[in-house]
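K.L.:
Here is my input, please return the structure:
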Amino acid sequence: MKKNLVIILILTAICISCNSDKSKTTVEKIEANNTETNAATLTKHLKPFKSELPTIGLLMYNGVLQSEVIATSDVFAKPTEDGKQLFNVITIAQTKNPITTEEGMRFVPDYTFENCPRLTALFVPSAYDMFAQVHNEQIIDFIKQKNKETKYIVSNCAGAQLIGASGIADGRKIVTWIGGGDQLQKDYPNLKVQDDSVVTFVEDGKFSSSNGNLASYISALNLLEKITDAEHRKFVESYLYLDRLQNWKK
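P.N.:
Numbers count the residues shown, from 1 in each chain. Now for the predicted structure:
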């Protein structure tokens, strides 16, 4: 009887072990499949850096208004109607550490000030409190250096303060956030600050600026048309459903 009991216990242990191994194998297979699926999904959406394409640089720092980063990437990352990539769209920050936006999202920069590639255009966004950025010599120096190589510099909202602090657009027209123009003119008298109560977007030479927030789409779309053409701009606008935003109350 004891002998039979021992045999039963041994067989039970073997069965449990086999089932455990099968369960473990099944879990490993599911995890492997999930990893492959996630990798395939990621690869599908990654846009490779192509040195022959114009590169659009989006400056970031802690406290940045995420709409002003997203608007530009939204516009320039869209492909042509036949799916062709037209631009490299990259984010840049002082370090490689994740950036926390004003709204609380965390963005991981593609490049730092040290390894940023050559840019065709630099977009300078804003924050609700610009004191730290305006007094950050590394940010100001980066803007000055990139101004030497870029064809276009765009500021949105209070990003105009960084343009003013850098001195790169002295003597040029610029607009900032609604209600911020008087102070901007006092702080940077060499700028030709426009009346933000009536001016949403202004362009002067290689420099352009907007009131920021959703108006950041205006500055991005304007530059998109300059670099490509009106037809592609209209395609991107349709891709973004901007007409629905404009007419949502009708």
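K.L.:
CA atoms for contacts and neighbours, from now on please.
P.N.:
Noted.
K.L.:
Could you pull out the strands in this protein for me?
P.N.:
Under the criterion DSSP state E, the chain contains strands at 55-59, 88-93, 99-100, 106-107, 111-112, 121-124, 152-156, 173-174, 192-193, 201-204, 207-210.
K.L.:
If you drop the residues flanking it in sequence, what lies closest to residue 193?
P.N.:
In this structure, residue 193 finds its nearest non-sequential neighbour in residue 174, 5.0 Å apart by Cα to Cα, 6 or more residues apart in numbering.
K.L.:
Counting neighbours, what do you get for that neighbour?
P.N.:
32 (other Cα atoms under 10 Å).
K.L.:
how about it, what does it touch?
P.N.:
By Cα atoms under 8 Å, 6 or more residues apart in numbering, the residues touching residue 174 are 160, 191-194, 202-204, 207-209.
K.L.:
Same question for residue 89.
P.N.:
Listed by Cα under 8 Å, 6+ apart, the contact set of residue 89 reads 55-58, 73, 76-77.
K.L.:
from those, which is closest to residue 121?
P.N.:
residue 56 (5.0 Å; Cα to Cα).
K.L.:
Who are the contact partners of that closest one?
P.N.:
76, 87-90, 119-123.
K.L.:
how near is it to residue 245?
P.N.:
25 Å (Cα to Cα, to the nearest Å).
K.L.:
ok, the spatially closest residue to residue 185 that is not a sequence neighbour - contacts?
P.N.:
Leaving aside its sequence neighbours, residue 185 sits nearest to residue 193 (Cα to Cα, 6+ apart; 5.9 Å). By Cα under 8 Å, 6+ apart, the residues touching residue 193 are 173-176, 181-182, 184-185.
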